[in-house]
Structure formats: structure tokens, C-alpha cells
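Visitor: Got a sequence here, can you model it:
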Amino acid sequence: MILVSSCLAGNPVRYNGTSCLNDRIQKLIDENKAIPVCPELLGGFVTPREPAEILGGDGFDVISGKAKVMERSGNDVTELYISGAKKTLALAKEMNSTYVVLKEYSPSCGSKKIYNGKFIGEKRAGVGVTTALLEMNGIKVISEQELEELLD
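Guide: Prediction:
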């Protein structure tokens, strides 16, 4: 079973209450090949919520305690992101997921790039907290763009 970001399945769970519906992911769900998951909601966030970015590194650095996830207002939400990542990992293990498709650029889900931590819309190389924890546990994470390439 494939886990996929809930926002890619069309669920309005992004920080601003929107989704990023991906028709291919929706098809996988309709065919019972994938189930949606939102690490932020699993961690205790609500929708909408304040935007957050990783400061001082990437998801691996957050897991190791070297970086933090901060909301734009300066509120430290690191523990909520780690909690959501742990719950997503438990679900991935329970579902025997061989890979997970997560939304690129998210501080939880980014698999290649995340925002740079300055809240100015710029991206940089790095992974989100959930991606880091999944990869540390041998679960491959790909972005929605990589899924499109695999399926083409």
C-alpha cells in the first residue's frame, strides 16, 4: 500500500486550507492502491494554520535536535512536526508501504526541496521532517513529480 499526502488527494489540509489535487494520486486511491495521510494533522495541527518553515537545517537536522520548525510568528512547532512524522512512520509500517508520495517543499513532506526558513518563498535543497524519519527507517519517499515520471 502506498501512503500519499492528503493534500495531493484533494483534501483541503494545507496550512492555508487548500489542496493540491493530483489526478494520478486520486486514481491510485480510487483503485485502493493508496491511502492519504497528513503528517501535520496527525501531529496535532488544525487547518488553516500559520505557515511554518525549518530554520537551521532540514528534516534530518530537526530529528537530531540541530534545527527547529518555526511558524512565521516565531512559535516553535518542532515537537508537533516530530509527532506527526512518528505517527506517519507507524502507519507506513502498519501498511507495509514500500514507498510514500509526499508533497514537495513542505516542512514535513518535502523530499528534495523545502523553503529556506526565511518566509520569503525561496526554496533550497533539503527534506522535511516526515521524509527524514521515513528515510531513516528505510522507507523511500518520492515527490508528486517523481510519481508522474514513474507512471509515464
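Visitor: for the chain, what spans make up the helices?
Guide: 23-30, 39-43, 59-63, 78-94, 129-136, 144-151 (DSSP state H).
Visitor: most neighbours per residue, which of these?
Guide: Highest mean neighbour count among the helices of the chain (mean count of other C-beta atoms under 10 Å): helix 129-136, with a mean of 26. No exception for glycine: its C-beta is placed from N, CA and C like everyone else's.
Visitor: Bridged to the residue lying closest to Leu28 once chain neighbours are set aside, which residues?
Guide: Nearest residue to Leu28, sequence neighbours excluded (C-beta to C-beta, 6 or more residues apart in numbering): Ala34, at 3.9 Å. Following DSSP bridges, Ala34 is listed with bridge partners Ile2.
Visitor: and Ala34, what does it touch?
Guide: By C-beta atoms under 8 Å, 6 or more residues apart in numbering, the contact set of Ala34 is Met1, Ile2, Leu3, Val4, Ala9, Ile25, Leu28, Val101.
Visitor: got the CA positions of the helix or strand of the chain with the lowest mean pLDDT in CSV?
Guide: The helix or strand of the chain with the poorest confidence is helix 144-151; it has a mean of 87 (mean pLDDT, DSSP states H and E). Only the C-alpha atoms of helix 144-151 are listed here, as CSV (Å, rounded to 0.1, in the frame of the first residue of the first chain):
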residue,chain,number,x,y,z
GLU,A,144,4.4,14.0,-6.8
GLN,A,145,6.7,15.0,-9.7
GLU,A,146,8.7,11.8,-9.3
LEU,A,147,5.5,9.7,-9.2
GLU,A,148,4.4,11.3,-12.5
GLU,A,149,7.8,10.3,-14.1
LEU,A,150,7.4,6.7,-12.7
LEU,A,151,3.9,6.4,-14.2
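Visitor: Identify the residue nearest the geometric centre of this structure.
Guide: Closest residue to the average C-alpha location of the chain: Cys109 at 1.9 Å, with C-alpha atoms, centre = their mean.
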